[in-house]
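>>> Everything below, folded, please.
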Amino acid sequence: MNGVVKMKEKVVCAVLGSGRLGIVHAKNLIHNIPDAEVKYIVTSRLETAEMAANKLGIDHATDKIEEVLEDEEIDAIVIGTPTHTHAELILKAAQHNKHVFVDKPITRTSSEADKVIDIVRTNNIICQVGFMRRFDPAYANAKKRIERGDIGRPIHYRGISRDPGSPPESFIKTSGGIFIDLCIHDYDMARYLMGSEVKSIQTFGKVLVHPFMNNYGDVDQSLSYINFENGSTADIEGSRNSSYGYDTRGEVIGTEGMIQIGSMQSNDNLISVNGKTYYDNIPDFPTFFEEAFVNELIHFINCVKAENKPLINEVDGKIALQIAEAAQRSFEEKKEISIQY
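Model prediction:
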């Protein structure tokens, strides 16, 4: 081949999990990413895996992860399973030299993340964490403009993440709480856009609509205030109470201007009838981040093919989790928490 390494035509994947995100990832790999192939769908129950495989047109369904890991054709696994399974699955994948895409959070705890980081490095695999906002066109454009100096030096980030209602109680009791499950996206985005690590965080929260959350020490309305190591600041709202639709927006204030990021508007159409003008809101996060979910997997597949480091890796995943853990601790202890990396 005259010294030229031929890049593999397709990255052969297994998708782990058939929940909402597992199906989103599988569909994107199959229909939107020509350089990827899905060989397996894997779930804890064989009949569930078979139903998903039949629906998606995937040839193999299994409830045995070992079957996948021992298959030499498999290049990468895409993990869309519950958080408590992430660490073990990443460890097994790394031991079998399979690259990993894993939805956030990377693990349940930052100590588990340390073990993952060690084995990912030891086995020299690619590990990308699913913080899809980095791949959303609006957030990506904001990052580009900030780096270009369009608004001067960034001094404050404001993030809004409002879900249209609470997940079911069965999810809330194992989710880790609003700071780890929801606000972690803005914690990652804040450090990414501001270009600095979080120095300290103080959080507040209350149950306003969903009383069952009191049983799990969780809240449906929260606020985080962040100080960065470079002196900049951020405030982040997390809410389960958006009765009007899915609402994710951001702002970055700079010394010479400001960037507003995102919109609730589902398309560019404005409807005017009976003396009123309105637009349709975006109903949920899979719709809002539809393009971002595709882009993050395109990035992952390209990184696997080219053996490049992803934009957001296992270390970034751990840092975001550390911030979220400090946020939870601040809420419980009612004080500002400094973060040690």
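>>> give the contact list for the most centrally placed residue in the chain.
Centroid-nearest residue in the chain: residue 131, 2.8 Å away (criterion: Cα atoms, centre = their mean). Counting by Cβ atoms under 8 Å, 6 or more residues apart in numbering, residue 131 makes contact with 104, 185, 188-189, 312, 316-317, 320. (Glycine included, C-beta is placed from N, CA and C.)
>>> quick check, nearest of those to residue 251?
residue 189 (11.5 Å; Cβ to Cβ).
>>> quick revisit: which of the contacts of residue 131 sit farthest apart?
189 and 317 (13.6 Å).
>>> Which member of the contacts of residue 131 is positioned nearest residue 178?
residue 185 (11.4 Å).
>>> measure the closest one to residue 234 for me?
13 Å (Cβ to Cβ, to the nearest Å).
>>> Pick out whichever of those two has more residues nearby.
Set side by side, residue 185 and residue 234 show more neighbours around residue 234, with 28 against 24, by other Cβ atoms under 10 Å.
>>> Quick check: the gap between the residue nearest to the centre of the chain and residue 179.
In terms of Cβ to Cβ, residue 131 sits 15 Å off from residue 179.
>>> Please apply the same query to residue 47.
36 Å.
>>> again with residue 108
Residue 108 is 14 Å from residue 179, by Cβ to Cβ.
>>> between these two, which one's more packed in?
Shown here are residue 108 and residue 179; by other Cβ under 10 Å, residue 179 has more neighbours (28 against 19).
>>> What residues does the residue nearest to that one when sequence neighbours are not counted make contact with?
Nearest non-adjacent residue to residue 179, counting by Cβ to Cβ, 6 or more residues apart in numbering: residue 327, 3.9 Å away. Counting by Cβ under 8 Å, 6+ apart, residue 327 touches 179-180, 183, 187, 201, 203, 224, 337.
>>> Kindly recompute the last result at 10 Å.
Shown in contact with residue 327 (Cβ atoms under 10 Å, 6 or more residues apart in numbering): 177-180, 183-184, 187, 198, 201-203, 205, 222, 224, 226, 236, 238, 337, 339.
>>> now do residue 185
Taking Cβ under 10 Å, 6+ apart, we find residue 185 in contact with 104, 130-134, 159, 161, 236, 238, 248, 285, 289, 320, 324.
>>> what are the phi and psi values for it?
For residue 185, the backbone dihedrals (degrees, to the nearest 10) come out as phi -60, psi -40.
>>> Can we start the residue count at 56 from this point?
Sure, I'll start numbering at 56, so the last one becomes residue 240.
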